[in-house]
Structures are given as structure tokens and as C-alpha cells.
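K.L.:
no sequence on hand, only this structure:
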């Protein structure tokens, strides 16, 4: 099983829609997770961190389900500017501060 | 937040040449930096961990003699792709860890094209 797995998509949703992505992880000992956003040909930018209590920031909500070993990202009221690839990131057991990236889920918000 | 820069942002070179990419932490010191590679439509893959004052540690499958890493100071790590070939064409990104657990600050990336 891969350390981090994501549905690559693409998810094509209309403006204003609510969309959710899941990401499964294999290391049950992992404590912290992250969602990054990556625009085409750019570096990843941190969107949200996810700990046991989940996290909400405006239209974005991230949650952690330890029992099923997945994290989710919910985007409400999608904007055209939300179109990007969303990368799930989990700690890498191979060393301090090392992380593993998922392959990313591509979101396309359609007018 | 903390800023990490990379230079150059893009480079085109002929097969067989060597290319050096610099990664700098601009307003903080980084004893550790990470180098990633991203092929089209794939995720970031960790290549190596750069350690200030000691040898870099490489991930499985990454040739240390081909990808030379030098972490000469607390703010600078360099990645040299030696004898580059077209299959080395990729997006190379460095990052430096922040204070928070698994927090990472990414450079803007370097797009390498080997002809």
C-alpha cells in the first residue's frame, strides 16, 4: 500500500458547488497531515494543516479520520480560482521533517 | 512566512552538460533542506535530504554521483545534475523545514530541460 493515495480526478464542478477529496494514508502512527495546492508549473503552497480536531478556514474544511486512515478536504461555494491540483501530504517515517506527497487531485471549476 | 528562493527558475541545456541549482533560505537558517523532483502529471518525489556540514542522504533509487548536493552554509544548498540527459528533464523543487511539525517552505522550483 502506498504511503499516501489520492484519486487523481479530474473533478469538474460548476461554480458554487461543494466538492470533497479524500486521501488515504498507510502509517497509522502519523499525527499531522497537510493539504497543499499546486497550480500548473508552480511550487506547492500550503493550504491547511490537519490534526486530530480537523481544521476550518473560510470555505475550506479539512478533517482526519484515524479509524479509517484518511483525511478529507471539503471546498464549499467553489470559485474559478480554486481550480488547481490539491496534494495530500503525510509525514514520512524515514526521517525528521520528511514528508510524502500524494499524486494530487485535480480540480477544475467550470463557469 | 519564511521565504525560500531558487535559482535559476528555468534552464535549458545540452545533453552531457552539468547544471547547478541553488536553494536559499532568505530570512532564516536551515540546517536541513530537501530536494524534490516532479515529472509531468506526477507528484513530488523526495530525492535527497541536504544536511549542512555533512553528507546528503539520498532516497532509494537516486544516484548520489549524478545528483551532487552541497550544503555549504546555513542558508544555501545546491543540487548539481551532472552529465544531464533528456530523462533528467523535470521540475526540481527544494524546501526547508519550518518550526512546526512537518512544516515545509518551498522554493519556486527550477524547470530543467535537457535537449
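P.N.:
Arrived safely, thanks for sending. Not measured: the values here are computed from a predicted model. Numbers count the residues shown, from 1 in each chain, chains lettered A, B, ... in the order given.

K.L.:
burial of residue 92, as a residue count?
P.N.:
Unless you meant another one, I'm taking chain A. Here the count is done by other CB atoms under 10 Å in any protein chain shown, and residue A:92 has 20 residues near it. The way it works is simple: take the backbone N, C-alpha and C, and place the C-beta from them, glycine included.

K.L.:
try again with chain B
P.N.:
Neighbour tally, residue B:92, other CB under 10 Å: 24.

K.L.:
same question for residue B:95.
P.N.:
Quick note: residue B:95 (other CB under 10 Å) scores 25 neighbours.

K.L.:
distance of it from residue B:44?
P.N.:
9 Å (CB to CB, to the nearest Å).

K.L.:
hey, what's in contact with both of these two?
P.N.:
residue B:36 (CB atoms under 8 Å, 6 or more residues apart in numbering or on different chains).

K.L.:
what's near enough to touch the closest residue in space to residue B:66 that isn't next to it in sequence?
P.N.:
Using CB to CB, 6 or more residues apart in numbering or on different chains and skipping the chain neighbours, the partner closest in space to residue B:66 is residue B:82 (5.5 Å). When the contact criterion is CB under 8 Å, 6+ apart, the partners of residue B:82 are B:18, B:65-68.

K.L.:
any idea which of these is the one closest to residue A:18?
P.N.:
residue B:67 (42.7 Å; CB to CB).

K.L.:
spell out which parts of chain B neighbour chain A.
P.N.:
For chain B, the contact set with chain A under CB under 8 Å from any CB of the partner chain comprises B:32, B:34, B:36, B:42-46, B:49, B:57, B:59, B:91, B:93, B:97, B:100-104, B:106-109, B:111.

K.L.:
filter the contacts of residue B:82 down to the buried ones and hand me the ChimeraX line.
P.N.:
Buried subset of those, written as a ChimeraX selection, criterion 16 or more other CB atoms under 10 Å in any protein chain shown:
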select /B:67,68
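
K.L.:
in strands, which of the contacts of residue B:82 fall?
P.N.:
Under the assignment DSSP state E, the contacts of residue B:82 contribute B:67-68 to strands.

K.L.:
and the furthest pair within the contacts of residue B:82?
P.N.:
Most distant of the contacts of residue B:82, by CB to CB, are B:18 and B:65, 11.9 Å apart.

K.L.:
using the three-state scheme, assign residue A:81.
P.N.:
helix (DSSP: H, G, I helix; E, B strand; the rest coil).

K.L.:
now it. Nearest residue, chain neighbours left out?
P.N.:
Here the residue nearest residue A:81, using CB to CB, 6+ apart, is residue A:109, at 7.9 Å.

K.L.:
can you give me the pLDDT of the one you found?
P.N.:
Confidence at residue A:109, expressed as pLDDT, is 97.

K.L.:
quick one: strands adjacent to the lowest-mean-pLDDT helix or strand in chain B?
P.N.:
Lowest by mean pLDDT, DSSP states H and E among the helices and strands of chain B is strand B:104-106, with a mean of 88. Looking at strand B:104-106 with DSSP bridges, its partner strands are strand B:90-97 (antiparallel).

K.L.:
neighbours around residue A:2, how many?
P.N.:
11.
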